[in-house]
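Asker: Dropping the sequence and predicted coords here.
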Amino acid sequence: MREPVVVGIDAGGTKTRAFVVTRAGEVVGRGAGGGANLLTSPDPQGAISAALNAALDGRRPSAVVLSCAGGDRERERDRGRSILVSLVGPDVPVAVTHDAKAALYAGDRAGCGVVVIAGTGSIAYGRNSEGDEERAGGWGYLIGDEGSAVWIGLEGLRAAAHAADGRGAPTAILSILLRELDVAELMDALPRIYGQSHPPPAVIAAARAVGMAAAANDLVAVGILRRGGNALARAATVVAISLGLADGPIHLAGGAFEQLPALGQHLRGELLTMLPRAAVESVREEPAMGAARLAARLAGGA
């Protein structure tokens, strides 16, 4: 007889990961799928199903927790629960939480501290030892998500467009982007921006272009990453101070920090000014592990 397991699923805008974990915390199964943002992805159920089935490999879980952007809103929670029940049946306890909470539990087993996520979107979220919670950011790419990969990509595209027109400063972002997209001029990239599922391919390519240009000391690109780091630091500071966590810890999570190391460097530098006593550290484990720790609590294992 197989050991009882729980499942944590992290559904992001570009990828979904599922971890099957024993009550002792050992990962015994992993699965992956495409983007499963409940608001913007074309087939979140398909992506979640692919990740879950690959991870379970025939096992029956004791509990499943799905973490996703918007998981703190009732409509997204209800939709997420419906997807999980359709996949594991009505007898398995399921829950839906927001991705920032799972990322915090990935960084801290007790789920205490502040986490700053910069991935497809961005948010700062915190929880103190009394269980009080606060958040800043997480408003989505149309009105927020400063410092995220999509925000950086959009800022890079704007800088490239202004440079192409002569309205803005020359920047290496433009030439790198044209090479990345294999187009002769920026106008040819428009079909890869508009009428595409979120996030558009040209936006992600532009984020990479900003990173490459910044590595070559392009002033426009460096400025974009600096502004992104500042915005993330301000969000973290608001959350930390409101929760009495000025000493941290501040956890950094998300693919933007991995793909754009300078973004994290600028963020750390800003935090030194805003929260000079705070310990800042990268989250070593994936958010799916944080979701699995929440699933263990749901199953009564913690």
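Answerer: Nice, thanks for sending it over.

Asker: residue ranges with poor pLDDT in this protein?
Answerer: Residues of the chain meeting the criterion pLDDT under 70: 1-2, 301-302.

Asker: now the helices for it?
Answerer: Using DSSP state H, the helices of the chain run over 44-56, 74-88, 99-107, 149-165, 172-181, 201-215, 219-242, 255-259, 261-274, 287-298.

Asker: tell me what the fourth one is packed against?
Answerer: Put plainly, it is helix 149-165. helix 172-181, helix 201-215, helix 219-242, helix 255-259 (3 or more Cβ pairs under 8 Å, 6 or more residues apart in numbering; DSSP states H and E). Where you see a C-beta, it was placed from the backbone N, CA and C, and this is true even at glycine.

Asker: Need those in TSV (columns: mean neighbour count and distance to residue 281).
Answerer: TSV is the format used below for the helices and strands packed on helix 149-165 (neighbours: other Cβ atoms under 10 Å; distance: least, Cβ to Cβ, whole Å):
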stretch	mean neighbour count	distance to residue 281
helix 172-181	20	31
helix 201-215	24	22
helix 219-242	22	13
helix 255-259	20	12
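
Asker: about what we covered before: go through the helices of the chain and name the closest to residue 65.
Answerer: Smallest distance to residue 65 across the helices of the chain (Cβ to Cβ): 4.0 Å, for helix 287-298.

Asker: right, and the helices and strands packed on helix 149-165 - which one's nearest residue 52?
Answerer: Across the helices and strands packed on helix 149-165, closest to residue 52 is helix 255-259 (Cβ to Cβ), at 21.1 Å.

Asker: picking that back up, would you turn the helices and strands packed on helix 149-165 into TSV with distance to residue 118?
Answerer: Listed next are these as TSV, based on distance: least, Cβ to Cβ, whole Å:
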stretch	distance to residue 118
helix 172-181	19
helix 201-215	11
helix 219-242	6
helix 255-259	4
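
Asker: just so I know, which of these lies nearest residue 123?
Answerer: Among the helices and strands packed on helix 149-165, the nearest to residue 123 by Cβ to Cβ is helix 219-242 (7.4 Å).

Asker: Tabulate the CA atom coordinates of the closest one in CSV.
Answerer: Extracted in CSV, the C-alpha atoms of helix 219-242 (Å, rounded to 0.1, in the frame of the first residue of the first chain):
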residue,chain,number,x,y,z
LEU,A,219,21.1,53.2,-20.0
VAL,A,220,17.5,52.8,-21.1
ALA,A,221,17.4,49.1,-20.2
VAL,A,222,19.2,49.7,-16.9
GLY,A,223,16.6,52.4,-16.1
ILE,A,224,13.7,50.0,-16.7
LEU,A,225,15.1,47.4,-14.3
ARG,A,226,16.0,50.0,-11.7
ARG,A,227,12.4,51.4,-11.8
GLY,A,228,11.1,47.8,-11.6
GLY,A,229,13.3,47.1,-8.6
ASN,A,230,12.2,50.3,-6.9
ALA,A,231,8.5,49.5,-7.4
LEU,A,232,8.9,46.0,-5.9
ALA,A,233,10.8,47.3,-2.9
ARG,A,234,8.1,49.9,-2.2
ALA,A,235,5.4,47.2,-2.3
ALA,A,236,7.5,45.0,0.1
THR,A,237,8.1,47.9,2.4
VAL,A,238,4.4,48.8,2.7
VAL,A,239,3.5,45.2,3.6
ALA,A,240,6.4,44.7,6.0
ILE,A,241,5.8,47.9,8.0
SER,A,242,2.1,47.3,8.2
